[in-house]
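Asker: Using only what follows, build the 3D model:
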Amino acid sequence: MAKPNYSFEKRQRELAKQKKKAEKEAEKAARKRAAQPAAEAAGEEDAAPPPADD
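Answerer: The predicted model follows:
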């Protein structure tokens with residue numbers, strides 16, 4: 001009977017965890033990009049301070 005290769009299994013779990021984290025971060029960034037233009041359009045006038053008169 002073959003001996004289990006625990007380090008291979010551990011590495012596979014780590015790779016799956018990294019992939020899931022990367023997908024989650026990409027989804028979060030996509031949501032942020034989707035919400036950002038709407039926020040900029042709504043508050044575009046308030047986004048930049050008025051020019052200073054010196």
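Asker: residue boundaries of the strands in the protein?
Answerer: Secondary structure of the chain (DSSP state E): no strands present.
Asker: Quick check: phi and psi at Ala52.
Answerer: When read as degrees, to the nearest 10, the backbone of Ala52 gives phi -80, psi 140.
Asker: so what's it up against?
Answerer: For Ala52, no residue meets the contact criterion (Cβ atoms under 8 Å, 6 or more residues apart in numbering). The way it works is simple: take the backbone N, C-alpha and C, and place the C-beta from them, glycine included.
Asker: What pLDDT is listed against Glu23?
Answerer: Per-residue confidence at Glu23 stands at 98 (pLDDT).
Asker: Would you mind listing where the chain has pLDDT under the threshold?
Answerer: Residues of the chain that meet the criterion pLDDT under 70 lie in 37-50, 54.
Asker: In it, which residue is most central in space?
Answerer: The centre of the chain sits closest to Glu25, judged by Cα atoms, centre = their mean, with a distance of 2.7 Å.
Asker: Tell me the spacing between Tyr6 and Lys20.
Answerer: 21 Å (Cβ to Cβ, to the nearest Å).
Asker: Ok, Ala30 next?
Answerer: Separation of Ala30 from Lys20 (Cβ to Cβ) stands at 16 Å.
Asker: And Gln12, by the same measure?
Answerer: From Gln12 to Lys20 the distance is 13 Å (Cβ to Cβ).
Asker: Same question for Pro4.
Answerer: Pro4 sits 24 Å away from Lys20, going by Cβ to Cβ.
Asker: can you check Met1 too?
Answerer: Here the criterion is Cβ to Cβ. By it, Met1 lies 32 Å from Lys20.
Asker: Settle it for me: which of the two has more neighbours?
Answerer: Per other Cβ atoms under 10 Å, whichever of Met1 and Lys20 has more neighbours is Lys20, with 10 against 3.
Asker: for this structure, longest helix please?
Answerer: helix 6-42 (DSSP state H).
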